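*Asks:* what's the 3D shape of this:
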Amino acid sequence: MRIGRYEVADRIGSGASGDVYSARDVELEGSVALKFLRCGNPHSAWTVEGFLREARAASALNHPGIITVHEVIQSESGLGIVMELVEGKALRAFTRSPNSVDFVLRCGIQVASALAAAHSSNIIHRDIKPENIMIRADGLAKVLDFGLAQSRGSLQGQVLSELRAGTLRYMSPEQAAGESLTPATDSWVACRPGFFLPVKVLSRRFRTVFLTALGQAFRDGELNFFSELKPLAERRKFAELLASARRTEWILYAKRPFGGPQQVLDYLGRYTHRVAISNDRLLSMEDGTVCFRWKDYRPSSRQKVMAIAAEEFIRRFLLHVLPRGFVRIRRYGLLGNRHCAAKLALCRRLLGADEAKPQPDERIEDYRIRYEALTGASLIACPICRSGRMIRIETLCPTLGSGISRIDSS
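*Replies:* Predicted coordinates for the structure are as follows:
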């Protein structure tokens, strides 16, 4: 079929208001795409206006990531838009399988650049979704379908139904509510119900904010370093520490507690302590030296005595003093010692495991009973009568002579 100078070929796509066909420009001998209002679709003022809006918005933009519009034509087939033919696949086709990080970053940067060009011209797309982004064979991303695009000034006088136009799944909250829109509405990223931000995004954002504040505190001279951390007072060493922390993947996880925040605070409050060392471990303080007991767990958990300068003792003690409003947590939850049996029973019930059965005590206290169980010979029964039980009443030292006579103690 020929329309003007265009030879129409196959239908290559369709949208809410029209169908898209591939065509050939006979005069310029090039390939183009023709978008016509779908047959049977009533040519209401809103539909025609949307068609013309798409043509005006796209033609006003000059960016490699935005589809190029050549002209608007009127024929027996209806109103049509002649635009660039983008040969490739919709972004939706790439979401069905995992993609490389390079591919995701490249597409994201290209789409963001295209939207930035549109926003700089005060044009809001209002319908960014995978179906409206084409990926060419050479990897270039193209933003399509400006049928709902509006300039920021023209949005002020629209009715609620017009402001809500778009794809509900990809609408920003303000667009779905029919409120006034800003370029930020094109940057909205929907997520699964019940989730606000992905853990990785939240973790990396927290890492950036935390390390930035930490670096600022260092530059302002608010950090003090002692003992083995003293080398970090040097600017180069501290910068290396921050760089290492930035290379590490942080995990920030937040989840609403079952019984609310107050229950968590009440529960953890039972496991707090305020002293770094008990008084009974302090032995003496003489000539500026403090002596105290400590437990060395490495050899055999032996109690030892340490003597250090009073200044160093105070420094170590202050390491355990928390800022105002903070408390130190010991063990809580399943690791706590209180109600251990009840918590283990709860774990088994939640996991569907069988209740623990009491095991018989198989320990054998007397080595003579174990010897009899292993050899069949008794070290307790009298070797003479075989019925009495021998009881040790005294141990005699060996003496010279013919030997020790046997005594029947039965």
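*Asks:* C-alpha only now, for contacts and for neighbours.
*Replies:* Fine.
*Asks:* worst-scoring helix or strand of the chain, pLDDT-wise?
*Replies:* helix 160-163 (a mean of 45; mean pLDDT, DSSP states H and E).
*Asks:* so what pLDDT did Ser14 get?
*Replies:* Looking at Ser14, its pLDDT stands at 75.
*Asks:* next: the one 3 residues further on.
*Replies:* On pLDDT, Ser17 comes in at 66.
*Asks:* then the one 5 residues further on?
*Replies:* Looking at Ser22, its pLDDT stands at 84.
*Asks:* who's in contact with it?
*Replies:* Ser22 sits next to Val8, Ala9, Asp10, Arg11, Ile12, Ser31, Val32, Ala33, Leu34, Leu85 when contact means C-alpha atoms under 8 Å, 6 or more residues apart in numbering.
*Asks:* show me where the stretch 1-150 of the chain has its strands.
*Replies:* Assigned by DSSP state E, counting those that start in this stretch, the stretch 1-150 of the chain shows strands spanning 2-3, 6-14, 18-25, 30-37, 69-75, 78-84, 88-90, 123-124, 133-136, 141-143, 150-151.
*Asks:* burial measure for Tyr245, as a count.
*Replies:* Rather than Tyr, residue 245 is Ala. By other C-alpha atoms under 10 Å, 14 other residues sit near Ala245.
*Asks:* let me have the strands of the stretch 1-150 of the chain in CSV, extended by distance to Ala184.
*Replies:* Putting those into CSV (distance: least, C-alpha to C-alpha, whole Å) gives the following:
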stretch, distance to Ala184
strand 2-3, 40
strand 6-14, 27
strand 18-25, 27
strand 30-37, 28
strand 69-75, 25
strand 78-84, 27
strand 88-90, 23
strand 123-124, 9
strand 133-136, 18
strand 141-143, 16
strand 150-151, 14
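*Asks:* what about the ones you listed, which gets the closest to Pro231?
*Replies:* Minimum separation from Pro231 across the strands of the stretch 1-150 of the chain (C-alpha to C-alpha) falls at strand 141-143, 49.5 Å.
*Asks:* let me know the average pLDDT across that closest one.
*Replies:* 89.
*Asks:* who's in contact with that strand?
*Replies:* With C-alpha under 8 Å, 6+ apart as the test, strand 141-143 has contacts from 64-67, 86, 107, 110-111, 114, 132-136.
*Asks:* can you say which of the contacts of Ser22 are buried?
*Replies:* Val8, Ser31, Val32, Ala33, Leu34, Leu85 (16 or more other C-alpha atoms under 10 Å).
*Asks:* between those residues, which sits nearest Cys291?
*Replies:* Leu85 (84.6 Å).
*Asks:* what sits against that closest one?
*Replies:* When contacts are counted by C-alpha under 8 Å, 6+ apart, Leu85 is found next to Ser22, Ser31, Val32, Ala33.
*Asks:* the last one against Glu87, yeah?
*Replies:* No. With contact defined as C-alpha atoms under 8 Å, Ala33 does not reach Glu87; the gap is 10.0 Å.
*Asks:* look up how far Gly260 lies from Leu346.
*Replies:* 20 Å (C-alpha to C-alpha, to the nearest Å).
*Asks:* these two: who's more crowded?
*Replies:* More neighbours surround Leu346 than the other of Leu346 and Gly260, with 13 against 9 (other C-alpha under 10 Å).
*Asks:* tell me which element that one falls in.
*Replies:* In the assignment (DSSP states H and E), Leu346 maps to helix 340-351.
*Asks:* CA atoms only for that helix - export them in PDB, please.
*Replies:* The C-alpha trace of helix 340-351 is given here as PDB (Å, rounded to 0.1, in the frame of the first residue of the first chain):
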ATOM      1  CA  CYS A 340      16.700 -21.100  77.100                       C
ATOM      2  CA  ALA A 341      14.500 -24.200  77.300                       C
ATOM      3  CA  ALA A 342      11.300 -22.300  76.300                       C
ATOM      4  CA  LYS A 343      13.100 -20.600  73.400                       C
ATOM      5  CA  LEU A 344      14.500 -24.000  72.100                       C
ATOM      6  CA  ALA A 345      11.000 -25.500  72.300                       C
ATOM      7  CA  LEU A 346       9.700 -22.500  70.300                       C
ATOM      8  CA  CYS A 347      12.300 -23.000  67.700                       C
ATOM      9  CA  ARG A 348      11.500 -26.600  67.300                       C
ATOM     10  CA  ARG A 349       7.800 -25.800  67.000                       C
ATOM     11  CA  LEU A 350       8.300 -23.100  64.300                       C
ATOM     12  CA  LEU A 351      10.600 -25.400  62.300                       C
END
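*Asks:* what is the rounded mean pLDDT of stretch 168-179?
*Replies:* The pLDDT scores in stretch 168-179 average 70.
*Asks:* ah, wrong one, I meant stretch 227-235
*Replies:* Stretch 227-235 shows a mean pLDDT of 88.
*Asks:* counting neighbours, what do you get for Ala373?
*Replies:* Burial of Ala373 is recorded as 11 neighbouring residues (other C-alpha under 10 Å).
*Asks:* pretty sure it belongs to a helix, no?
*Replies:* Yes. Assessed by DSSP: H, G, I helix; E, B strand; the rest coil, Ala373 belongs to a helix.
*Asks:* can you check the pLDDT for it?
*Replies:* The model's pLDDT for Ala373 equals 77.
*Asks:* check Val199 too.
*Replies:* 74.
*Asks:* reduced to three states, what does Gly259 come out as?
*Replies:* Assignment for Gly259 (three-state DSSP): coil.
*Asks:* next one: it from Cys347, what distance?
*Replies:* Distance, Gly259 to Cys347, using C-alpha to C-alpha: 18 Å.
*Asks:* tell me which of those two has more neighbours.
*Replies:* Higher neighbour count among Gly259 and Cys347: Cys347, with 13 against 8, using other C-alpha under 10 Å.
*Asks:* what's the neighbour count on the closest residue to Ile135 other than its chain neighbours?
*Replies:* Of all residues not flanking Ile135 in the chain, Ala141 sits nearest, at 4.6 Å (C-alpha to C-alpha, 6 or more residues apart in numbering). The tally of other residues near Ala141 (other C-alpha under 10 Å) stands at 27.
*Asks:* Asp19: what's it in contact with?
*Replies:* Counting by C-alpha under 8 Å, 6+ apart, Asp19 makes contact with Arg11, Ile12, Gly13, Lys35, Phe36, Leu37, Arg38.
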